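Undergrad: Test case, fold it:
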Amino acid sequence: MKRALSGIVVGTLILSGAVGCATNATAGASQAPPKAETPGTAPQKAGGQGGQSAPSGQARQAAAGPIRVVTTAPVAQGRVQLVFTYTGTAQPRSQVNVSPKTSGRIEQVLVDVGSEVKAGDSIATLERSSLQLSVQQAEANLKSAQARLATVLSGGRPEDIASAEAALASARAKLNQVKNGPTPSDLQAAQSAVDSAQAGLASAQARLDLIRAGSTAADLAAAQAAVDSAAANLRSAEAKLNQVKSGATVADLQAAQAAVASAKTSLLSAQDVYETAQQDLSKVSGKVSSVSQAFQAVQSAQAAYDSAVQKLNQLQAGPLATDLQSAQSAYDSAKATYDSATAKLEQMKRGPTPQDIQQAQSAVDSARATLASAQAKLAQLQNSPTEDDITIAQAAVTQAEQALALKKQPYTAQDVQSAQAAVDVATVALTTANQALADATLVAPFSGVVTAKLLAPGAMASSQTPVVTLVGSDLEIPVSIEESRLSRLKPGLSVSISSPAYPGETFSGKVASIAPSADPKSHTFAMKVIPDNASGKLKVGMFLEMKVTAEEHSALLVPRDAIVQRNGKDVVFVVADGKAQMREVLQGLPQGDQVEVLNGVKAGEQVVVVGNGGLNDGDSVRIMGGAGEQPAGQPQQQRPGVPGKSGQ
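TA: Reported below is the predicted structural model:
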């Protein structure tokens, strides 16, 4: 605008000079402009003589109509922006009172007011001993359920299957036997079983009769003899034990010493014989026929000598622990035999007791039952198999087959489903217990700063009693936008943010969201701007100014003064070939002292910015520049040292 105004002043000055000094030649000009003449006066001819000549330029312009002096500016190609300015206060995007999911006593609070935390950082811990026990119990329950499921899936045990297979084989063999009849060996075995059962019954009956009749004189004599023999053995064992305990006598020692001396003499004699045999076998007595026999005699004598010395040493050292133990064991055994024989003799003298008779009678009854079973089996084998026998044997085979199938797969599909369900329930219980244990540690749900510490260690916390207040480090700036600008604003637009706290510094941001509905009272829409606060300079509560770039594109620009109103329409005057052309235009976005035009002009065309007030379409115009005026469309004359600019 300043440029346009300066052009007006300069143009006015140039116009005044042109009117008052038209007859003065310009000093230093390469060609003087034509002199202006008084209207109605004929120009002088060359040499000072008057006469007829061609009309001058002013005469031609007067004949064509008045010439308007204007100032122009080119239609420029540039970028335009639609920027909306708003103010607002920075607020945290997230703020929460951190509470535990389960109730418990606070063990530790790991942060304080002003502490900066990251998402996932631990804030506080609750007592966890009972929760850890719950996890261990849940793990044990899961292992038990898994073991049960593995047992169900694995089927029967090998030993049970083998037993069932053996029972099936026996039942099939029995069926074949019933169908084919008994073999001679089966009959012989059955007869032998009957004979053995009869012998057993006779023996049991005889035993019962003997007990009932009591002991005879011969039985008493035999029992007394057994007592006497046991008593003699007991006395001998007792004497031996006493002897071992008392040690060796003088006579025993003397005898042992004599045995050692005798064995030594024999050893020396054998050694002499061996040495003689080595030198000359012919000098040895006839008992030794070779050197090897003499050597063997020496070894035998040496062994006899060593045994005698060992026995003497043993007698001198006293009895060994093994000798005492052996003697004591022999005595104890003899004593037990004597006590048993004495008790049996006393029992025979008293006669049989009711218990003895009952036991003997039970033995007789058992023998009779065994005989009856053996006789029945023999009779069955001797008789031909009936249809009932075959049916019974076949039923036994069927039962054995069913038993084998059950052993191979003792569990049904329902058992498998039940075991699997138990595993699933135990798994969920373990997951729940682990989650409860994890929930005992309070963690930051997002990055931010602790602004309040509400509970201390030892206090009870629950979902209704928060421990700390956490404010997020991410900021947002809420603003209200007018309904008229709603169509131009949308999420994602770039925002330039400034703060009085940081003069000359700007921060970038984005439009995050715009409310889908307006406030019913103010009829404005809530918009949120998210600043890029990586530096952390922007703080909660700061007053901020935001410039939202709603639109930016390339456009044709003309000065505001170039647009005038004609018949209620926006028009501009374009200078072409010394004429003013009026063109209707459609204004777009304003850009400082310029305006976007959407049609009617082209880049580089000259539009009138000064002198377009009474200008009409088709008027002759002269563009006024800084070095003088000239008709539109003709080259401008230049002054010495001052270059002219066409179209300005």
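Undergrad: Please give the element, helix or strand, for the nearest residue in space to Ser115 that is not next to it in sequence.
TA: In space, not counting the residues next to it along the chain, Ser115 is nearest to Val450; the distance is 4.6 Å by Cβ to Cβ, 6 or more residues apart in numbering. In short, each C-beta sits where N, CA and C put it, glycine included. Element membership for Val450, per DSSP states H and E: strand 448-453.
Undergrad: Which strands and helices lie in contact with that strand?
TA: Applying 3 or more Cβ pairs under 8 Å, 6 or more residues apart in numbering; DSSP states H and E, one finds that strand 448-453 makes contact with strand 116-117, strand 468-472.
Undergrad: any idea of the mean pLDDT in that strand?
TA: Rounded to a whole number, the mean pLDDT of strand 448-453 is 90.
Undergrad: buried sites along that strand?
TA: Applying a neighbour-count criterion of 16 or more other Cβ atoms under 10 Å, the buried positions in strand 448-453 are Gly448, Val449, Val450, Lys453.
Undergrad: swap in stretch 272-279?
TA: For stretch 272-279, the buried set under the neighbour-count rule, 16+ other Cβ under 10 Å, comprises Val273, Tyr274, Thr276, Ala277.
Undergrad: Repeat that for stretch 504-522.
TA: Going by 16+ other Cβ under 10 Å, stretch 504-522 has these buried residues: Phe507, Gly509, Val511, Ala512, Ala518.
Undergrad: Taking the buried residues of stretch 272-279, tell me the two that lie furthest apart.
TA: Comparing all pairs in the buried residues of stretch 272-279 by Cβ to Cβ, the longest separation belongs to Tyr274 and Thr276, at 7.3 Å.
Undergrad: rewinding a little: so which of the buried residues of stretch 272-279 comes closest to Arg157?
TA: Closest to Arg157 out of the buried residues of stretch 272-279 is Tyr274 (73.6 Å), distances taken as Cβ to Cβ.
Undergrad: Quick check: that closest one touching Gln293?
TA: No: under the contact definition of Cβ atoms under 8 Å, Tyr274 does not touch Gln293, with a separation of 9.2 Å.
Undergrad: circling back: quick check: the residue nearest to Ser115 vs Leu442, distance?
TA: 12 Å (Cβ to Cβ, to the nearest Å).
Undergrad: any idea which strand is longest in the protein?
TA: strand 543-559 (DSSP state E).
Undergrad: Which is the succeeding secondary structure element to that one?
TA: Moving toward the C-terminus from strand 543-559, the next element (DSSP H and E) is strand 564-566.
Undergrad: Please name every helix or strand in contact with that next one.
TA: Other elements packing on strand 564-566 under the criterion 3+ Cβ pairs under 8 Å, 6+ apart are strand 569-576.
Undergrad: Report pLDDT for Gln44.
TA: pLDDT, Gln44: 36.
Undergrad: wait, I meant Ala395
TA: Ala395 is assigned a predicted lDDT (pLDDT) of 92.
Undergrad: Val178 versus that one, what's the distance?
TA: Using Cβ to Cβ, one gets 11 Å for the distance from Ala395 to Val178.
Undergrad: who has more neighbours, those two?
TA: Val178 (19 against 12; other Cβ atoms under 10 Å).
Undergrad: Wait, that one touches Ala393, no?
TA: Yes: using Cβ under 8 Å, Val178 and Ala393 qualify as a contacting pair, with a distance of 4.4 Å.
Undergrad: For Gln77, list each beta-bridge partner.
TA: As for beta bridges, Gln77 partners with Leu556 under DSSP bridges.
Undergrad: re the thing from before, as TSV, the buried residues of stretch 272-279 with pLDDT and distance to Ala119 would be great.
TA: Conversion of the buried residues of stretch 272-279 to TSV gives the following (pLDDT from 0 to 100; distance: Cβ to Cβ, whole Å):
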residue	pLDDT	distance to Ala119
Val273	82	109
Tyr274	84	105
Thr276	81	112
Ala277	78	109
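Undergrad: Among the residues you listed, which are located in strands?
TA: Using DSSP E, none of the buried residues of stretch 272-279 sit in strands.
Undergrad: Can you give me the pLDDT of Gln630?
TA: Residue-level pLDDT assigned to Gln630 equals 45.
Undergrad: what about Ala413, neighbour count?
TA: Here the number of neighbours of Ala413 (other Cβ under 10 Å) works out to 7.
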